[in-house]
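In: Here is a sequence together with a model predicted from it:
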Amino acid sequence: METNLIAEGFKFMALGMGTVFLFLIILIVCMNAMSAILHKYFPEPQPGVTPDVASKQDNKKIIAAITAAIAHHRQA
């Protein structure tokens, strides 16, 4: 009862690599399907042409608050 260990090793290697390859193919197909479903039911919002004036004023308030906090921190 003589078995060729090298041939058996290659068989197991091919089986293992084939299993991993098949798993990765299934994973890619599932991820693409999930992406298509998510894009269908939850589309990304389209960016507006011009930002609102209120958001610019909010940004100015945030910048002023950060500047004041840094100035207060440097004084202490």
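Out: Received it, and whenever you're ready, just let me know what you need.

In: What confidence value was assigned to residue 30?
Out: According to the model's per-residue confidence, residue 30 sits at a pLDDT of 98.

In: and it, what are its phi and psi?
Out: With angles defined as degrees, to the nearest 10, residue 30 sits at phi -60, psi -40.

In: just residue 3 next, same as before
Out: The phi and psi torsions at residue 3 (degrees, to the nearest 10) take the values phi -120, psi 140.

In: For residue 12, see how far away it is.
Out: Applying C-beta to C-beta, to the nearest Å, the value for residue 3 to residue 12 is 12 Å. Backbone N, C-alpha and C define where each C-beta goes, glycine included.

In: now residue 6
Out: To residue 12, residue 6 is 11 Å away according to C-beta to C-beta.

In: Repeat that for residue 39.
Out: Computed as C-beta to C-beta, the residue 39 to residue 12 distance reads 41 Å.

In: ok, now residue 32?
Out: 31 Å.

In: try residue 2
Out: Taking C-beta to C-beta as the measure, residue 2 and residue 12 are separated by 18 Å.

In: go on, residue 62?
Out: Looking at residue 62 against residue 12, where the rule is C-beta to C-beta, the gap reads 61 Å.

In: Now find how far off-centre the helix or strand hosting residue 71 is within its chain.
Out: Take DSSP states H and E as the rule and residue 71 turns out to sit in helix 53-75. For helix 53-75, the separation from the chain centroid amounts to 32 Å (computed by C-alpha atoms, centre = their mean, to the nearest Å).
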